[in-house]
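A.B. asks: The amino acid sequence is not available; the structure is as follows:
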DNA sequence: AAGATAAACGAATGTTCGTTCTTTTAAAAA
DNA sequence: TTTTTAAAAGAACGAACATTCGTTTATCTT
């Protein structure tokens, strides 16, 4: 018998991401996707039950990679300043390495398709909670409700990313947010949160 | 002759926003929109040239209201702390008053449909630039590249808004981010930016 | 009240959608 | 090599899509 091609599943997923980023969610039709992946539309249904299933699997795969990349060289036991900086660097590298994934996530996050539940207790979230809990216990930073801490620690970072990404997608291509600029913003965040 | 109903144009726009927020961009079909607005689909084409034109006009109308609301009681000559707090309050009230508009914008912002150009020189942007320029000249805040200043001034605010909005859309309905919590986050932002 | 005009409609256009069915093809098992 | 099995393809389905067209209807002008 003929074997299921493992790469083909990934190929379909990646092409779906590319199409969605290029043309939005309406742009992802099964026939367009088939053409982009050099397949018959019906072949997609061997690997995915339906369009909805495909979207879900894409979302899951993207999230998995994100969680993996963002935990590199990170330990919840790190000092707050070191650990948060590592997070900023990891997220920055993630955006650079998987720009399409990032754009896809940004679109998916605000779409009504998303199932807001069940994402609560990922090992990723657990690590993050432990990290901030440690920092507060050690009195490295002020004691704050988690969402305020989170808002200050990452809000400026993501606006910075979005700004530079929009900037580069408008004019010439290369995305460059200098590490110096990131450090500057990071310094201000630390200043705000320091106990 | 029969007169064009001015309210009908607004009605169509508002129903379009509601549909998009509920079901995403694919959810906005002309026939569904017609049914939601109690119209024949062809009637929509009296007021809008095409689906694309409709989306553009919706975007423009939403943006206009936003700019109007957010400039209330605001003057670029204000002190930084007073002016930025007024901005936070205005934006908070905007989200409360037009929650659908906010959700629509969040979806539209990350969609490939948006035309990134030509939004540069709105009177709104001009006021904001003057405001931060004043604050730096008066040495109220540290001298920073505009995008870093912007990232710190608004990043935490919008993450806070998103968090509480998601929270309320999941469980029971009412959206409540207490002014006390906003003040707490605001205090940290000011601490970070103070010269 | 009569006529004019544009708003409003329902029906129909051709296209594209997601999905399924039947057939062909290729590779693993015999 | 032959048989078997599932992957892959292609044609086909009804449904829904954006848009247009010819007719009807309401309201203004006269």
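C.D. replies: Yep, that arrived. Note that the coordinates shown come from a computational prediction; the quantities given were computed from them, not determined experimentally. Numbering: from 1, shown residues only, chains lettered A, B, ... in the order given.
A.B. asks: residue ranges for the helices of chain A, please.
C.D. replies: A:6-23, A:30-36, A:41-47, A:51-70, A:80-97, A:99-109, A:123-137, A:146-170, A:179-193 (DSSP state H).
A.B. asks: Spit out the contact partners of residue A:77.
C.D. replies: residue A:134 (CB atoms under 8 Å, 6 or more residues apart in numbering or on different chains). From N, CA and C alone the C-beta is placed, and that goes for glycine too.
A.B. asks: That one and residue A:191, how far apart?
C.D. replies: 23 Å (CB to CB, to the nearest Å).
A.B. asks: re the thing from before, got a markdown table for the helices of chain A, with distance to residue B:67 and mean neighbour count too?
C.D. replies: A markdown table is the format used below for these (distance: least, CB to CB, whole Å; neighbours: other CB atoms under 10 Å in any protein chain shown):
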| stretch | distance to residue B:67 | mean neighbour count |
| --- | --- | --- |
| helix A:6-23 | 29 | 17 |
| helix A:30-36 | 37 | 16 |
| helix A:41-47 | 44 | 15 |
| helix A:51-70 | 34 | 16 |
| helix A:80-97 | 30 | 17 |
| helix A:99-109 | 23 | 18 |
| helix A:123-137 | 36 | 15 |
| helix A:146-170 | 19 | 19 |
| helix A:179-193 | 27 | 17 |
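A.B. asks: Format those helices as JSON lines; extra columns: distance to DNA strand C.
C.D. replies: Shown next, in JSON lines, are the helices of chain A (distance: least, CB to the nearest atom of the strand, whole Å):
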{"stretch": "helix A:6-23", "distance to DNA strand C": "9"}
{"stretch": "helix A:30-36", "distance to DNA strand C": "4"}
{"stretch": "helix A:41-47", "distance to DNA strand C": "3"}
{"stretch": "helix A:51-70", "distance to DNA strand C": "3"}
{"stretch": "helix A:80-97", "distance to DNA strand C": "28"}
{"stretch": "helix A:99-109", "distance to DNA strand C": "16"}
{"stretch": "helix A:123-137", "distance to DNA strand C": "30"}
{"stretch": "helix A:146-170", "distance to DNA strand C": "24"}
{"stretch": "helix A:179-193", "distance to DNA strand C": "39"}
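A.B. asks: tell me the contacts of residue A:44?
C.D. replies: Going by CB under 8 Å, 6+ apart, residue A:44 touches A:12, A:30, A:33, A:34, A:37, A:54.
A.B. asks: any idea which of these is closest to chain B?
C.D. replies: residue A:30 (13.2 Å; CB to the nearest CB).
A.B. asks: Contact residues of chain A facing DNA strand D?
C.D. replies: Proximity of chain A to DNA strand D, by CB under 7 Å from any atom of the strand, involves residues A:1-5, A:8, A:38-43, A:46-47.
A.B. asks: No further questions, thank you.
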